[in-house]
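**Student:** Fold the following, please.
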Amino acid sequence: MNSRTARIERTTSETKVAVELSLDGTGQAEVATGVGFFDHMLSQLARHGGLDLSVQTIGDLEIDAHHTIEDTTLALGAALAQALGDKAGIARYGDATVPMDEVLVRAAVDLSGRPYVVHDEPALPPYVVGVGATYPTSLTRHVWESLGQAARLTLHVSVLRAGRDGAAPDPHHVVEGQFKAVARALRVAVALDPRGGGAVPSTKGVL
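**Tutor:** Numbers count the residues shown, from 1 in each chain. Reported below is the predicted structural model:
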């Protein structure tokens with residue numbers, strides 16, 4: 001089996017990003033973006049996705065976290081596409097329904113080569129406050145859109161339940177539940193299919 005690894009560097013006037021990714025890892029993560037909560041989310045993606053992931057980002061956090069999160073996700077998506085190569089032998093599809101205490105999230109992914117993202121979540125408080133720069137909850141949708149664009153995948157993420165009856169959603173749990181669900185869906189989709197005979201899983205012959 002060829003090594004399913006990638007290294008991507010992305011440099012703009014706003015950020016400098018380096019991502020290293022192995023699809024056949026053990027969930028190890030070394031992440032430093034300057035946005036503590038986002039680091040935590042990327043570590044969840046690695047752990048529950050069975051990926052080895054290194055991310056180093058220097059961004060213009062003196063402005064806000066938007067450029068840092070966006071460019072990091074674009075680099076991560078590019079690394080995922082590079083590591084998948086021609087996608088021969090993979091399962092292609094994956095889905096997961098993940099509870100996180102009161103929150104329930106469903107994610108489904110198709111490594112189709114066609115970027116398309118559907119994202120449903122409730123209205124949340126504007127920020128998750130953590131170590132380092134705050135994480136704007138409005139960016140979660142943008143994370144999935146950026147990942148879908150750069151990795152050229154179809155992704156549906158739906159928050160099925162966001163809180164206890166009569167209680168406001170906890171933004172930490174709602175966002176983290178999404179990252180864990182996407183991680184578990186990706187874990188299934190990138191796995192090698194022992195029944196696939198090493199073929200590209202498409203009647204077109206390419207993805």
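**Student:** Looking at this protein, name the residue that lies furthest from the middle.
**Tutor:** Counting by C-alpha atoms, centre = their mean, the extreme residue of the chain relative to its mean C-alpha position is G166, 30.2 Å from that point.
**Student:** Per-residue pLDDT of that residue, please?
**Tutor:** pLDDT recorded at G166 is 87.
**Student:** what sits against it?
**Tutor:** When contacts are counted by C-beta atoms under 8 Å, 6 or more residues apart in numbering, G166 is found next to no other residue. (Each C-beta comes from the backbone N, C-alpha and C, glycine too.)
**Student:** For it, give its distance to E102.
**Tutor:** Using C-beta to C-beta, to the nearest Å, we find G166 at a distance of 12 Å from E102.
**Student:** what ranges do the helices span in this protein?
**Tutor:** For the chain, the helices defined by DSSP state H cover 36-49, 66-84, 139-151, 171-190.
**Student:** In contact with R4, which residues?
**Tutor:** Taking C-beta under 8 Å, 6+ apart, we find R4 in contact with S22, L23, D24, A83, L84, G85, V190.
**Student:** ok, and the closest non-adjacent residue to it?
**Tutor:** Of all residues not flanking R4 in the chain, L23 sits nearest, at 4.1 Å (C-beta to C-beta, 6 or more residues apart in numbering).
**Student:** Settle this for me: the one you found is touching A46, isn't it.
**Tutor:** No. Here L23 does not reach A46: they are 11.0 Å apart, not a contact under C-beta atoms under 8 Å.
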